[in-house]
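In: Sharing a model that was predicted from the sequence below.
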Amino acid sequence: MRFTPPNVPTFFERRYMHPLSGKTIVFIPGIDGTGILFEPLEKLLPHDVKVKVIQYPADRLLSFEENLQCVRQQVHPDQEAVVIAESFSGPVAVALVGSGQLKATCLILSATFARSPRPLLLNILSCLPMELLLKLPLPRFLLKPIIAGGEQPVEVFEDMLQRIRAMVPAKVFAHRLMVVNQTDVREWLSKLTVPCLYIQATADRAVPPSALFDFTEAVADLRVARIPGPHFILQAQPQQSLAAIQKFVGLIAQDSG
């Protein structure tokens, strides 16, 4: 009988092992800054995946550069990981990985942008009392269009949003919207040397489809996964999002193997 050492995967196990198994994932959150919205996707990950969820402070108004520093301080400088950045934090991840300040085996960008995705709208919003408006409860009839096309029930989003609003003051959200409008990291796109995946939500009402063009024009190793659903695609379609990520990471492993 052939002896197989303990804890060493057999050929069959390696052949069908989840591509993310044993890896470290760094999640960099969207405009909420809490990481709560990653929960639907995180629950689907293999048990042996190491997860690090970045958080932005809810008691300070940070500039874009301060956001970069905040992320750097929460990640070990020598630890390579699969980096998944969502929406607001896409530019942060691009700048950090592109400049070599954040090590990544690959970069996954979800429903994001390299520069302000809606400059006219954000300029208009800057003239309104956004802090006051953001304190108002979000009616369910407005919530449904935001998550329309997803596999998750409205109640899942309501629970997450209530927890987020209890943690993050309205003035912080308002400030982060203005940071978005001042963002431009196109100079770093061509400096991304790791494989990149852009997950595009086909019914995204926050980030227009044209936001992808900056990435396709400048990123040398870029793959695109288009998934039916709203801006909150990782939350609305966690199964399809994970399948796209799994396929991407698996292809990288094949190419390097």
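Out: Yep, it's here. All of these numbers come straight from a predicted model, not from anything done at the bench.
In: Wait, residue 116 touches residue 183, no?
Out: Yes: look at residue 116 against residue 183 with C-beta atoms under 8 Å: they come within range, at 6.0 Å. Just so you know, the C-beta spots here come from the backbone N, C-alpha and C atoms, and that holds for glycine as well.
In: In the stretch 101-250 of the chain, what residue spans correspond to strands?
Out: Assignment of strands within the stretch 101-250 of the chain using DSSP state E, counting those that start in this stretch yields the ranges 104-110, 196-201, 222-227.
In: deepest of those strands, which one?
Out: Of all the strands of the stretch 101-250 of the chain, strand 104-110 has the most neighbours on average by mean count of other C-beta atoms under 10 Å, namely a mean of 25.
In: Quick check: can you name the pairing partners of it and their directions?
Out: Looking at strand 104-110 with DSSP bridges, its paired strands and their directions are strand 81-86 (parallel), strand 196-201 (parallel).
In: can you give me the helices for the stretch 101-250 of the chain?
Out: Listed in chain order, the helices found in the stretch 101-250 of the chain under DSSP state H, counting those that start in this stretch are 119-125, 130-135, 140-147, 154-167, 170-181, 186-189, 211-218, 233-236, 238-256.
In: quick check: mean pLDDT across the third one?
Out: Okay, so that is helix 140-147. Across helix 140-147, pLDDT averages out at 62.
In: For residue 217, list the residues it contacts.
Out: Residues touching residue 217, when contacts are defined by C-beta atoms under 8 Å, 6 or more residues apart in numbering, comprise residue 189.
In: and residue 168, what pLDDT?
Out: Looking at residue 168, the pLDDT reads 95.
In: any low-confidence regions in the stretch 151-257 of the chain?
Out: Where the stretch 151-257 of the chain drops to pLDDT under 70, the residues are 151-153, 256-257.
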